[in-house]
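Visitor: Sequence and computational prediction follow.
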Amino acid sequence: MGSGGAGSITTGSLLLEAAGQVGWYGLLTRSVGPQIRGGEALAMVRLAPTPVTGHGDRYDVLVALDWHNASRFIAEVPLDDKSLILADANGGDPPPAILATGAHLVTLPFTDLADELPGARPNLLALGMLSELLGISMDSTTQAVIRTLSDKGLSAAHATDALAAGGQLTTTFPHTQRLAPPKPRDTGRYWLITGNQAAALGALRGGVRFAAVYPITPATDLSEWMAPRLQKLGGQLIQAEDEIASMNMVLGASFGGIPSMTITSGPGLALMTETLGLAVAAEVPAVVVNVMRGGPSTGIPTKSEQSDLNIALYGLHGDAPHLVLASQSVADCLTTTQWAVQLSEALQCPAIVLSDQFMGQALTICERPAPLPDAPPRRIASAGSDRYDRYALTEDGISPMAIPGTLGRQHTADGLEHNAHGTPSSGAADHLAQLNKRCTKLEQYDYGDAWAEIDGEGETVVLTWGSTAAAVLEAATQARASGLAVKVIALRLLSPTQPDKMALAMRGARRALVVEQSHSAQFHHFLRAYYPLPDQVEVISRPGPLPIRPGEVLNLLLHGNQS
């Protein structure tokens with residue numbers, strides 16, 4: 001951790017990259033203040049020889065480049081008497097709450113030593129020290145540093161000297177035995193990627209060739225990563241003047257036959273709902289990736305929460321069936337977003353993909369996600385001279401969509417209710433027929449097994465969604481080791497609901513635990529509305545920014561709610 005400019009996020013990123021080169025899996029998440037630039041920053045890194053999708057219950061080592069505003073992070077960094085704190089001797093005094101954890105504090109001369117070495121920086125010394133502790137070769141760490149910082153004037157020789165000096169610091173304090181790195185593996189099969197990057201790649205794989213966006217934390221870096229890659233594929237990304245304009249541009253491009261998307265967070269999604277309703281009524285595909293943050297209103301832009309579930313499900317006025325999907329992990333941001341594009345195109349309706357700050361801005365070492373199978377493309381009307389009923393009442397509810405300019409296929413597409421031909425109508429029969437059509441095509445579609453991730457078997461079932469799945473899956477593994485049979489159901493497809501599949505998945509369940517990161521238990525109430533639950537239901541429902549950790553899920557699984 002450190003103040004603005006200390007380089008704590010860079011240090012964590014470089015450590016993760018170097019660890020990946022020697023065989024570790026890992027995850028880095030960030031916590032920063034609400035400032036546009038500068039301010040306190042915390043990088044949280046977890047490394048393991050097996051895949052990592054979330055953080056654990058405690059941290060082994062805390063490196064403090066300085067203590068400025070560190071009190072804002074205390075609750076996010078659980079330490080105990082087995083933890084080690086390594087702090088710069090010139091970084092100020094640690095907050096009393098940090099000392100109260102019982103962690104062992106060691107002060108080190110990061111700043112003084114950096115002043116003595118050409119090109120050295122305190123965070124590079126800290127990186128060298130951590131690499132030595134973790135058994136990461138200095139060659140791997142040096143390569144990561146040069147790839148990232150060479151354009152800032154750092155030479156390989158200066159980087160090597162700084163990292164080596166940092167490594168030598170480990171001889172000056174007591175610590176646990178250095179970790180042995182995992183067995184070498186084929187690094188070409190593994191990716192270093194963020195959730196936002198994965199979502200962008202999933203959209204491109206799904207066929208998106210136009211994006212209109214308006215910057216908003218924590219989604220902006222998705223569009224920044226996507227823009228040059230979209231251009232290489234012959235597409236285009238445009239920054240609109242606001243969220244309303246971006247959503248309208250997406251709808252216009254999609255109406256013209258180009259798979260299109262936008263990117264936002266909660267405040268932007270609120271502005272987009274009117275146009276999303278138009279997409280439902282006119283049956284035009286469109287994808288919105290919503291990287292959730294704390295709310296309401298401006299809320300906490302830099303912290304994660306799952307409190308946009310209600311607006312995603314119910315925020316459109318009238319009866320407006322649409323798709324709502326949720327990514328389960330950083331890597332799954334790719335799979336879920338690609339699937340959302342495919343479904344939106346095939347079903348001719350808008351899709352909202354829910355990610356969050358935890359996944360979107362997390363950096364992970366993960367196995368390369370398997371490609372999705374091909375999906376049915378958008379059903380396009382060919383030229384002709386016969387009567388064209390754009391909204392014909394077909395068996396599956398999907399009617400061929402004419403691209404503007406197609407001979408003989410002119411039609412009206414607006415927000416007014418209409419008949420099968422597209423002519424505006426206020427008749428009760430036409431309204432009912434089109435409502436049924438828009439609902440039927442979503443409810444009858446075969447979504448296969450991707451609607452949820454299901455893990456394990458048992459009479460105790462944990463229901464969750466999104467980024468909280470990581471803590472739940474880890475807790476379930478620990479519970480099974482303690483002798484409790486646990487099944488986990490993590491929903492990927494939230495709307496339309498899948499009652500038959502859920503009933504099958506819940507068969508034999510006598511107890512349910514619902515885990516979510518929202519203050520008002522939005523997911524729990526959603527489940528109650530649409531799915532039968534056992535008589536015994538317990539809930540972990542907490543807002544951000546504190547993540548739900550495996551230990552508290554495990555404790556409730558093993559001991560129940562004892563309050």
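Guide: That came through fine.
Visitor: For residue 100, list the residues it contacts.
Guide: In this structure, residue 100 makes contact with no residue, judged by Cβ atoms under 8 Å, 6 or more residues apart in numbering. (Each C-beta comes from the backbone N, C-alpha and C, glycine too.)
Visitor: ranges for the strands of the stretch 51-200 of the chain?
Guide: 61-64, 84-88, 104-108, 190-194 (DSSP state E, counting those that start in this stretch).
Visitor: can you list the ones you listed in a markdown table and add distance to residue 498 and mean pLDDT?
Guide: Output for these, formatted as a markdown table (distance: least, Cβ to Cβ, whole Å; pLDDT from 0 to 100):
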| stretch | distance to residue 498 | mean pLDDT |
| --- | --- | --- |
| strand 61-64 | 43 | 95 |
| strand 84-88 | 47 | 94 |
| strand 104-108 | 50 | 94 |
| strand 190-194 | 29 | 94 |
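Visitor: how about these, which one is nearest residue 382?
Guide: strand 190-194 (40.0 Å; Cβ to Cβ).
Visitor: for residue 307, helix, strand, or coil?
Guide: coil (DSSP: H, G, I helix; E, B strand; the rest coil).
Visitor: State the number of residues packed around it.
Guide: 23 (other Cβ atoms under 10 Å).
Visitor: if I look at it, how far off is residue 251?
Guide: Between residue 307 and residue 251 the computed distance is 26 Å (Cβ to Cβ, to the nearest Å).
Visitor: and what of residue 329?
Guide: 30 Å.
Visitor: quick one, which of these two is more surrounded?
Guide: Ranked by neighbour count (other Cβ under 10 Å), residue 329 and residue 251 place residue 329 first, with 29 against 24.
Visitor: what sits against the more buried one?
Guide: 53, 195, 359, 366, 467, 469, 470.
Visitor: List of residues touching stretch 247-257?
Guide: With contact meaning Cβ under 8 Å, 6+ apart, stretch 247-257 is reached by 210-212, 238, 240, 260-262, 271-272, 275-276, 278-279, 282, 284-288, 378, 380, 403-404, 413.
Visitor: and that stretch, how far from the chain's centre?
Guide: 25 Å (Cα atoms, centre = their mean, to the nearest Å).
Visitor: picking that back up, so which of the contacts of residue 329 comes closest to residue 505?
Guide: So of the contacts of residue 329, ranked by how close each gets to residue 505 (Cβ to Cβ), first place is residue 469, at 14.7 Å.
Visitor: Tell me, how many residues neighbour residue 447?
Guide: Other residues lying near residue 447 total 17 when counted by other Cβ under 10 Å.
Visitor: Just give the closest residue to it, not the sequence neighbours.
Guide: residue 493 (5.7 Å; Cβ to Cβ, 6 or more residues apart in numbering).
Visitor: beta partners for that neighbour?
Guide: Beta-bridge pairing for residue 493 (DSSP bridges): residue 325.
Visitor: Touching, it and residue 453? I think so.
Guide: No: assessed by Cβ atoms under 8 Å, residue 493 is found out of contact with residue 453, at 10.8 Å.
Visitor: which of those two has more neighbours?
Guide: Between residue 493 and residue 453, residue 493 has the larger neighbour count (other Cβ under 10 Å), namely 22 against 18.
Visitor: how much space is there between that one and residue 325?
Guide: 6 Å.
Visitor: Please apply the same query to residue 261.
Guide: Taken as Cβ to Cβ, the span from residue 261 to residue 325 is 13 Å.
Visitor: Please identify which of these two sits among more neighbours.
Guide: Ranked by neighbour count (other Cβ under 10 Å), residue 261 and residue 325 place residue 261 first, with 35 against 27.
Visitor: Sweet, I'm off.
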